[in-house]
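Enquirer: Coordinates for the following, if possible.
(2 chains)
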Amino acid sequence: AQSVTQLDSQVPVFEEAPVELRCNYSSSVSVYLFWYVQYPNQGLQLLLKYLSGSTLVKGINGFEAEFNKSQTSFHLRKPSVHISDTAEYFCAVSDKGGSEKLVFGKGTKLTVNP
Amino acid sequence: DVKVTQSSRYLVKRTGEKVFLECVQDMDHENMFWYRQDPGLGLRLIYFSYDVKMKEKGDIPEGYSVSREKKERFSLILESASTNQTSMYLCASRDRSGANVLTFGAGSRLTVL
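Expert: This next block holds a predicted model:
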């Protein structure tokens, strides 16, 4: 069974600073990896996904993530954040061949301050 | 764009009431899901459905049931609501051919008094 650990529950940063939200997963098989974002009072929307191929994945709103198989990590990064990036971010994993269930981390609340 | 609509954004119910949460998707997706979201616990899967009239238990099915009579509609039912079911409920759908990419509704925030 898969599991996901988001290492920081809250990350405060100043506007225009870089940010990294950390995600580690565990799985005994090959995986798909995802980052979702949830703005206040909204549902989740897909930010980016890793299915195969290049380990550096680019998503919407200037975010990117790097799949590191040896470290079983999928950290999310943005070089310069905006106030509008304030939201909760969820990392998720599913295996490629078996269960179709998506397992989510507990979320990281990113707060961008002026 | 796929749209997943949860008709009730905010509900307040009393302990013991029967509660229906409705979810409708408009892109002919085969798979639909109900998650519960609580602070510090992330999203936990309650039930999912691969197709009409099919349902599978997720990680926390106790106290819930579901109904999928039509492909576009997936209902979550709380037979007798309890205060520990106060939560945000998120519905999602997925195309069977997709690599597990879920499209979510805006959520239904349920308060049980």
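
Enquirer: Can you name the residues of chain B that neighbour chain A?
Expert: Among all residues of chain B, those adjacent to chain A (criterion: CB under 8 Å from any CB of the partner chain) are B:4, B:6, B:31, B:35, B:40-43, B:45, B:48, B:58, B:90, B:92, B:99-107. No exception for glycine: its C-beta is placed from N, CA and C like everyone else's.

Enquirer: Report the buried members of those residues.
Expert: The neighbour-count test (16 or more other CB atoms under 10 Å in any protein chain shown) marks B:4, B:6, B:31, B:35, B:42-43, B:45, B:48, B:58, B:90, B:92, B:100-105, B:107 as buried among the residues of chain B next to chain A.

Enquirer: Bridging across strands, which residues link to the residue nearest to A:L21 when sequence neighbours are not counted?
Expert: Excluding its sequence neighbours, the residue lying closest to A:L21 (CB to CB, 6 or more residues apart in numbering or on different chains) is A:L76, at 4.4 Å. Each beta-bridge partner of A:L76 is listed here: A:L21, A:A65, as defined by DSSP bridges.

Enquirer: Would you mind listing the residues in contact with A:L76?
Expert: Under the criterion of CB atoms under 8 Å, 6 or more residues apart in numbering or on different chains, the neighbours of A:L76 are A:E20, A:L21, A:C23, A:W35, A:L47, A:L48, A:F63, A:E64, A:A65, A:Y89, A:C91.
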